[in-house]
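J.: Here is a sequence with its predicted model. Questions after.
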Amino acid sequence: MAGELSPIDKAKFVAAKRAAQFVEDGMRVGLGTGSTAAWLVRCLGEMVRDEGLRIKGVPTSTRTAQLAREVGIEVISLDEAKWLDLTIDGADEFDGELNLIKGGGGALLQEKIVATASDQMVVIADIGKEVETLGAFPLPIEVIPFGWQTTQALVEETLISMDVLGRTSTLRMNGEVPFITDEGNYIMDLHLNRIGNPRQLSLVINQMPGVVENGLFIDICDAVIIGFGDGRFEVR
Ligand code: 5RP
């Protein structure tokens, strides 16, 4: 399945392959979104086909749902599953406390709901995602389209009053038009450079009207499997 891979894809693949070993027969599994999570879905599809693994997958985006069905994983909704044994997903950044920035693929809302409804969340990532302090990757915030510029101004003013570095935000675009999430919302990317207190920032951002959710995952992730370009992996 993996064939000849670039070092970055090899790193993503080995992390995904290792994480797939956590999945046991009969589990209800949250399936993340992004290029690393796609490797996981392919690995699980192979296990379903070749080893008779029986799982029910709850995808975190329409993209993942499509891929999961293509590779033969039974897909159910979160409400059908009610609770999940395990969610495996990628991340844009993770720090030493296993706090994350997610949402680079625009699926942070479903990803956070699904991960929170799981006994365990395992993140799979290449070593390039590890940071000392979160924030170099722009923090995605999902906002409702109504009055989004007013929401943007409110977010920026609040960050200034909190003395958070960076302070600029951009509306995520899909060519000439705003990027639309699976829930029909927009994504604002906050360019902060450094997030000194992610827990506080997450709480403050989520209090603002117009904000649906932000991409900081605090105390949600239980383990990170880090893949390296030479095929090694490490579990944190
Ligand atoms: C999607 C996400 C992804 O998990 C994150 O962007 C990492 O993606 P990739 O595995 O392609 O680097 O949060 O919303």
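T.: Great, that's in hand.

J.: OK, contacts around the residue sitting nearest the centre point of the chain?
T.: Nearest residue to the geometric centre of the chain (C-alpha atoms, centre = their mean): Lys102, 4.3 Å. Lys102 makes contacts with 89-92, 108, 111-112, 140, 215, 217, as judged by C-beta atoms under 8 Å, 6 or more residues apart in numbering. Yep, even glycine has a C-beta here, placed from its N, CA and C like the rest.

J.: Same question for Val71.
T.: 41-42, 44-46, 48-49.

J.: quick one, helices of the protein?
T.: Remark: helices assigned in the chain by DSSP state H are 7-20, 35-51, 62-70, 78-81, 108-116, 148-161, 198-206.

J.: So which bits of the second one are buried?
T.: Translated: helix 35-51. Across helix 35-51, burial judged by 16 or more other C-beta atoms under 10 Å covers 36-48.

J.: Mind putting those residues into TSV with pLDDT and distance to the ligand?
T.: Output for the buried residues of helix 35-51, formatted as TSV (pLDDT from 0 to 100; distance: C-beta to the nearest ligand atom, whole Å):
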residue	pLDDT	distance to the ligand
Thr36	98	3
Ala37	98	6
Ala38	98	8
Trp39	98	8
Leu40	98	10
Val41	98	12
Arg42	98	13
Cys43	98	14
Leu44	98	16
Gly45	98	17
Glu46	98	19
Met47	98	20
Val48	98	21
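
J.: okay, among the residues you listed, which ones form the most distant pair?
T.: Greatest spatial distance among these (C-beta to C-beta): Thr36 and Val48, at 19.2 Å.

J.: Who are the contact partners of Val235?
T.: 18, 223-226.

J.: how close does it sit to Ala19?
T.: Distance of Val235 to Ala19, given as C-beta to C-beta, to the nearest Å: 9 Å.
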